[in-house]
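Peer 1: Pasting the sequence and the predicted model now:
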Amino acid sequence: MDRSTPGTLRKDAVVTIEAVKRALLAQTVEVPSWAYGNSGTRFKVFTTPGTPRDPWEKIADAAQVNAFTGAAPRVSLHVPWDEVEDYDALATHARDLGVRIGTINSNVFQDDDYRLGSLANPDPAVRAKAVAHHLDCLEVMRAVGSTDLKIWLADGTNYPGQDSIRARQDRIADGLAEIYAALRPDERILLEYKFFEPFFYTTDVPDWGTSLVHCLALGDQAQVVLDTGHHAPGTNIEFIVAQLLRLGRLGAFDFNSRFYADDDLIVGAADPFQLFRIMHEIVGAGALDPALGVNFMLDQCHNIEEKIPGQIRSITNVQEATAKALLVDADALDVAQRSGDVLGANDVLMDAYNTDVRPLLAQVRQEQGLDPHPLRAFAASGYADRVAAERVGGTQAGWGA
Ligand code: AOS
Ligand code: ZN
Ligand code: ZN
C-alpha cells in the first residue's frame, strides 16, 4: 500500500500485487448443494423458476457458479437431501461439469426419533441410529471421493432439568468416538457448533470451546467448523479464528451473514468489515494455503433472491475481503504494533480495508479468461431462462440450512 494515497493500489508494488493476484487465483470456496433448492422460513417458502429438482440439477447450477467465478470447484452434499442410487455416477456428473463433490453433511435432526437429540439422546437405540447414519455418510464420502464429514448436531434441551447436561456431553463424546474410529487416515470429522436453535435452553455443542474439547479428545483428524452465523451478537469471531488457527484445529468455515441469529444471508452482506477481519487472521496465519486444511465453504440459503446469482455474489464478497486482507502491509503493521503505535497500526489495517479491490479482481478474472463481471456475465448467458423453461417443480432445500 502507498501510505500517502489511502485507498489506492501502489503502482510500483509489482511484486506485491503479483503475489496478491496469485493468492486470489489460488483461492477456492466450496458451495452447498442446498443453496440451489428453494428455502424459506417456517412462515413461507417462496419458489423460484428453474429451481433444481434433484441433486444432479443442483450440481449443474453449482457448476455455473464455478464457470463464472472460476473459484467454486467443489460442492458440499447433504445426506439425505442429496440421496441418489449411484453416488459414483453423481461424482462423474460433477466432474463432467468441471466441479467435484466436497464435504458430506450428515443429518440427524429431521427424523421423529431425534426429538430428544441424536448422539446425546437418552435412548441408546436412537444414539446407535445416529452413529449408523454417520457411518453411512462415510460410505457416501468414499463413493464420491470426498474426505470430509461435517457434523452439525441439533441436539439440546428446552427446559432446565429436562436431561443431564453432563451425561449428554458424555454420550456425544462416546458417539463421536465411534464415528472417529471408522475414519481412514486421510479423512476428517468437521464438528460444527451453534449457540442455540432448534433447542432453546441448552445446546450440546453450542460454542467453539465445546467443539474443540470434543475434537481434542478424538484426535488430529477432528477439527472445528466455524459457521459465521452461529454466534451471539457482539462475539469477536476473528479472535476465535486466531485461536483455532494457533491450535491447528480450524477445519472449515461455513460462511454466511447474520443480522440476528443464523439468518444464512449472503456472506459479507451484513458486516463486510468483520469478514475482512476474519480474512486478515487467515492471511496472517498463512491459512489461505490449502495445505493448512481450512476449507472455505458457504452455508447459505436464498429465500427471496435468485440462487445462482446469490452464490456468485457470495464468492465475490469472499474474494473482495480476501483481496483487502492480502493488501494489508504486514511489515508496516508489524512496525506499528511493536512500537506501540496504536493509531498507526489501526491505520495500516483500515487503509487496506478501504481499498477498492474490484478493479484488481476484474483483472485477475480477465487473466483467467473469465468475464471480469461474473454476475453480469451469468445474467447474459441465458442459463436462468433456459432452466426455468426446462425444469418444473423444483424441490425444497430442506429445513433451515
Ligand atoms: C445449521 O444451522 C448448520 O449451519 C449446518 O451447517 C448446516 O446448515 C447443515 O449442516 C446443513 O445440513
Ligand atoms: Zn453451518
Ligand atoms: Zn446454521
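Peer 2: Sure thing, it's come through. Ligands and ions are numbered 1, 2, ... in the order given.
Peer 1: For the chain, what lies in contact range of ligand 2?
Peer 2: 227, 254, 299 (C-beta under 5 Å from the ion). Just so you know, the C-beta spots here come from the backbone N, C-alpha and C atoms, and that holds for glycine as well.
Peer 1: Output those residues as TSV; include the columns neighbour count.
Peer 2: Listed next are those as TSV, based on neighbours: other C-beta atoms under 10 Å:
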residue	neighbour count
D227	21
D254	29
D299	28
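Peer 1: okay, those residues in TSV with distance to L349 and secondary structure next?
Peer 2: Shown next, in TSV, are the residues of the chain next to ligand 2 (distance: C-beta to C-beta, whole Å; DSSP: H, G, I helix; E, B strand; the rest coil):
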residue	distance to L349	secondary structure
D227	25	strand
D254	25	strand
D299	27	coil
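Peer 1: For my notes, please list those residues in TSV and give pLDDT and distance to V126 for each entry.
Peer 2: Shown next, in TSV, are the residues of the chain next to ligand 2 (pLDDT from 0 to 100; distance: C-beta to C-beta, whole Å):
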residue	pLDDT	distance to V126
D227	98	25
D254	98	26
D299	98	26
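Peer 1: mind checking the end-to-end distance for stretch 381-395?
Peer 2: Taking C-alpha to C-alpha, to the nearest Å, stretch 381-395 runs 24 Å from one end to the other.
Peer 1: chain center to that stretch: distance?
Peer 2: Relative to its chain's centre, stretch 381-395 lies at 26 Å (C-alpha atoms, centre = their mean, to the nearest Å).
Peer 1: any residues touching it, and which ones?
Peer 2: 37-38, 47-54, 57, 60-61, 64, 68, 306, 308, 378 (C-beta atoms under 8 Å, 6 or more residues apart in numbering).
Peer 1: pretty sure L326 contacts R22?
Peer 2: No - with contact defined as C-beta atoms under 8 Å, L326 does not reach R22; the gap is 9.6 Å.
Peer 1: So which of these two has more stuff around it?
Peer 2: L326 (25 against 12; other C-beta atoms under 10 Å).
Peer 1: got a list of what the residue nearest to that one when sequence neighbours are not counted touches?
Peer 2: Of all residues not flanking L326 in the chain, V20 sits nearest, at 4.4 Å (C-beta to C-beta, 6 or more residues apart in numbering). Applying C-beta under 8 Å, 6+ apart to V20 gives the contacts 323, 326-327, 360.
Peer 1: One more: V205?
Peer 2: Counting by C-beta under 8 Å, 6+ apart, V205 has contacts 153, 155, 172, 191-194, 211, 214.
Peer 1: at 7 Å what do you get?
Peer 2: 153, 191, 193, 211 (C-beta atoms under 7 Å, 6 or more residues apart in numbering).
Peer 1: For it, which non-adjacent residue is closest in space?
Peer 2: The shortest distance from V205 to any non-neighbouring residue, by C-beta to C-beta, 6+ apart, is to Y193 (4.8 Å).
Peer 1: right, and that neighbour touches D204 too?
Peer 2: No - at 9.5 Å, Y193 and D204 do not qualify as touching, with contact defined as C-beta atoms under 7 Å.
Peer 1: can you tell me how far the residue nearest to L326 sits from A71?
Peer 2: Between V20 and A71 the computed distance is 15 Å (C-beta to C-beta, to the nearest Å).
Peer 1: next one: V348
Peer 2: 27 Å.
Peer 1: With R249 instead?
Peer 2: R249 is 25 Å from A71, by C-beta to C-beta.
Peer 1: out of these two, which sits in the more crowded spot?
Peer 2: A71 (26 against 19).
Peer 1: Now do the contacts for the more buried one.
Peer 2: 27-29, 315, 319.
Peer 1: about what we covered before: close to ligand 1 as well: tell me which of the residues of the chain next to ligand 2 qualify.
Peer 2: Near ligand 1, judged by C-beta under 6 Å from any ligand atom, the entries from the residues of the chain next to ligand 2 are 227, 254, 299.
Peer 1: can I get the contacts of V20 in TSV with pLDDT and secondary structure?
Peer 2: TSV is the format used below for the contacts of V20 (pLDDT from 0 to 100; DSSP: H, G, I helix; E, B strand; the rest coil):
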residue	pLDDT	secondary structure
A323	98	helix
L326	97	helix
L327	96	coil
L360	98	helix
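Peer 1: can you tell me which two in those residues are farthest apart?
Peer 2: L326 and L360 (9.5 Å; C-beta to C-beta).
Peer 1: could I get stretch 235-250 in PDB with only the CA atoms?
Peer 2: What follows is stretch 235-250, C-alpha atoms only, in PDB (Å, rounded to 0.1, in the frame of the first residue of the first chain):
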ATOM      1  CA  THR A 235     -18.900 -12.100  19.500                       C
ATOM      2  CA  ASN A 236     -15.400 -11.400  18.300                       C
ATOM      3  CA  ILE A 237     -15.200 -14.100  15.600                       C
ATOM      4  CA  GLU A 238     -11.700 -13.200  14.400                       C
ATOM      5  CA  PHE A 239     -10.500 -14.000  17.900                       C
ATOM      6  CA  ILE A 240     -11.900 -17.500  17.600                       C
ATOM      7  CA  VAL A 241     -10.400 -17.800  14.200                       C
ATOM      8  CA  ALA A 242      -7.000 -16.800  15.600                       C
ATOM      9  CA  GLN A 243      -7.200 -19.200  18.500                       C
ATOM     10  CA  LEU A 244      -8.300 -22.200  16.400                       C
ATOM     11  CA  LEU A 245      -5.500 -21.500  13.900                       C
ATOM     12  CA  ARG A 246      -2.900 -21.400  16.700                       C
ATOM     13  CA  LEU A 247      -4.000 -24.800  17.700                       C
ATOM     14  CA  GLY A 248      -4.300 -26.200  14.200                       C
ATOM     15  CA  ARG A 249      -7.900 -27.000  14.700                       C
ATOM     16  CA  LEU A 250      -9.800 -24.700  12.300                       C
END
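Peer 1: For it, which residues meet the burial criterion?
Peer 2: For stretch 235-250, burial by neighbour count (16 or more other C-beta atoms under 10 Å) applies to 237-238, 240-245, 249-250.
Peer 1: In a markdown table: these, plus pLDDT.
Peer 2: Formatted as a markdown table, those follow (pLDDT from 0 to 100):
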| residue | pLDDT |
| --- | --- |
| I237 | 98 |
| E238 | 98 |
| I240 | 99 |
| V241 | 98 |
| A242 | 98 |
| Q243 | 98 |
| L244 | 98 |
| L245 | 98 |
| R249 | 98 |
| L250 | 98 |
